[in-house]
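Novice: Below: sequence and its predicted model.
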Amino acid sequence: MKRLTFWLAGILAFLVVLIVLSVVIFVLTGKSALRNKLAVWEEAGGAATMAEYAEKWNGQLTESEMQAGVAFANALAATPSENPEEISDNDLVGDEADTADLQALATCVEAAEEALALAHDAADADVTRWPIAVAESDSYMDMLGETVESLGNPRSLAKFLRIEAVYRARQGDMEGAFESIETGLRLAQYETRQPTLLSHLVAIAIQAIILDTIDTTMTQVTHPDTLPDLSSIDALLQRSMMRPHVRPVMLGEGTYGLSMYSDMAARSMPEVLSGILYGHVAARYLEYLLDGIEYYERQALQRTDANQPPIPPKWTGVSLLAPAIEKYNAAVTRCDAKTLLARQAIQLTEYYREHKAFPASEDFQSLATNEAHGFVITYTLSDDGHTVTLGCEPHPDFNTKEADAVSKETWELTW
């Protein structure tokens, strides 16, 4: 009996030692994995904290670029949280804009007068790089609160800029209407530079609002000669493509996520347990984002369904992020498709001004190419030669989500 007890005690001691050694090895390998992955992450342009990431980017900017960012931040702070009740979003789209109550439009513009003036000041700086708005705390929970709180105002300001553009167009001030549009596009650029997926999705929403405003404003006139020179808008749209910003946004999101994992582990787990899990989970998180950056920066036809980044194990929690990133990528492509349609419409308008007719179908050249964008722009000319319908035709090899997103976009132009 004593011998059996001795053997059982020995086995139990052996198991305890084995478990302790396994935990130590797991902790050490987790820390090593995170350290190695952080080195790759920082080499790719990321950082360990949001303060470091913002400092790395903002340190490259000029004083005028920083001041333009402050002007937009002030404009957002001054923006009323909601549109006045007299005007709904449906009143500002398509033919409805021609019949929207002029006094109600004026009331809306007056309600946001300070914010609109500050936004125009920011846009007048004519900068191509915008600063990152630095959070006051590196705590994930504090940053999350600041991020969520800041998401509403940019969209509200974009809506007020749309109202201002419609109001100016109704008064015959087409130069002023396109000034409002230009400010809206620069607001989208400013939001694009903010370092989270949520902020970039807000930027995409803003750009969609402004692109709809371009469409509405162009349909409010009966002849293209009454429009101002649109070459500056075309050039600004060319710089407003979202795909080039995927890398910095995902690097910012990854840095933001590192703070999340660190903060959540410290708040919700005992120190030993957080030490066990944090290194491995954070390393897998960075690995997934690095694979995603590599995939989303590929040429369009190399972004196929078959070669998407592998999804990490469920125990890491990173798998929950995968569907959101896929939807974000599709939103980027859809926004770029809509931007290219707007540019194509503007260039066709300039062509019509010069030649008094749209080009023949065989002379049309798509701004989008399968190699660069995964789709081409289709061109349908009406029998009378005065109406053009533009659409997007995805390549068969383009991945399903992006192909579905671009196939929904159309633009009609009648002169």
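Specialist: Thanks, I have it. Numbering: from 1, shown residues only.
Novice: and the spatially most central residue of the chain, what element?
Specialist: Nearest residue to the geometric centre of the chain (Cα atoms, centre = their mean): His200, 2.5 Å. Using DSSP states H and E, His200 falls within helix 197-219.
Novice: for that helix, packing partners?
Specialist: helix 140-150, helix 152-170, helix 174-192, helix 246-268, helix 322-355, strand 410-414 (3 or more Cβ pairs under 8 Å, 6 or more residues apart in numbering; DSSP states H and E). All C-beta atoms are positioned from the backbone trio N, CA, C, and that covers glycine.
Novice: could you give the angle of that helix to strand 410-414?
Specialist: 20 degrees (axes from the mean of the first three to the mean of the last three Cα atoms, to 10 degrees).
Novice: tell me the mean pLDDT over helix 197-219?
Specialist: For helix 197-219, the mean pLDDT works out to 93.
Novice: ok, now which ones touch Thr128?
Specialist: Residues in contact with Thr128 (Cβ atoms under 8 Å, 6 or more residues apart in numbering) are Arg239.
Novice: I'd guess it is in a helix, am I close?
Specialist: No. Using DSSP: H, G, I helix; E, B strand; the rest coil, the assignment for Thr128 is coil, not a helix.
Novice: tell me the pLDDT at it?
Specialist: At Thr128, the pLDDT recorded in the model is 87.
Novice: Can you name the element that comes right after the helix holding His200?
Specialist: helix 231-238.
Novice: which residues touch that following helix?
Specialist: The contact list for helix 231-238 (Cβ under 8 Å, 6+ apart) reads Phe178, Ile181, Glu182, Leu185, Arg186, Ile214, Thr339, Ala342, Arg343, Ile346, Gln347, Glu350.
Novice: From those residues, pick the one nearest Ile311.
Specialist: Ile311 lies nearest to Thr339 out of the contacts of helix 231-238, by Cβ to Cβ, at 29.9 Å.
Novice: just checking, that closest one touches Ile214?
Specialist: No. Using Cβ atoms under 8 Å, Thr339 makes no contact with Ile214, being 9.9 Å away.
Novice: How far does the helix holding His200 sit from its chain's centre?
Specialist: Relative to the centre of its chain, helix 197-219 is centred 11 Å away, using Cα atoms, centre = their mean, to the nearest Å.
Novice: can you tell me the helix or strand for the residue nearest to Ala44 when sequence neighbours are not counted?
Specialist: Closest residue to Ala44 apart from its sequence neighbours, by Cβ to Cβ, 6 or more residues apart in numbering: Leu290 at 6.3 Å. Here Leu290 sits within helix 271-296, counting by DSSP H and E.
Novice: Between helix 322-355 and that helix, find me the angle.
Specialist: Angle of helix 271-296 versus helix 322-355, following the same axes, to 10 degrees, is 30 degrees.
Novice: Buried ones in helix 271-296, by neighbour count?
Specialist: 274-290, 292-293, 295-296 (16 or more other Cβ atoms under 10 Å).
Novice: And for stretch 360-376?
Specialist: Phe364, Ser366, Leu367, Ala368, Asn370, His373, Gly374, Phe375, Val376.
Novice: Quick check: Leu340 vs Phe358, distance?
Specialist: 18 Å (Cβ to Cβ, to the nearest Å).
Novice: Okay, buried residues for stretch 165-174 please.
Specialist: Ala165, Val166, Tyr167, Arg168, Ala169, Arg170, Met174.
Novice: tell me the contacts of Gln207?
Specialist: With Cβ under 8 Å, 6+ apart, Gln207 has these contacts: Leu185, Ala188, Ser240, Met242, Cys335, Lys338, Thr339.
Novice: Go ahead and confirm Thr255 touches Ala54.
Specialist: No. If you go by Cβ under 8 Å, Thr255 and Ala54 don't touch, sitting 9.2 Å apart.
Novice: which one of the two has more residues nearby?
Specialist: A side-by-side neighbour count of Thr255 and Ala54, using other Cβ atoms under 10 Å, places Thr255 first with 26 against 20.
Novice: and the nearest residue to the more buried one once chain neighbours are set aside, how many residues sit next to it?
Specialist: Spatially, and ignoring its direct neighbours in sequence, Thr255 is nearest to Tyr53 (4.6 Å; Cβ to Cβ, 6+ apart). Look at Tyr53: counted by other Cβ under 10 Å, it has 24 neighbours.
Novice: What residues of the helix or strand Tyr53 falls within count as buried?
Specialist: Using DSSP H and E, Tyr53 sits within helix 50-58. Going by neighbour count (16+ other Cβ under 10 Å), the buried part of helix 50-58 is Met50, Ala51, Tyr53, Ala54, Lys56, Trp57, Asn58.
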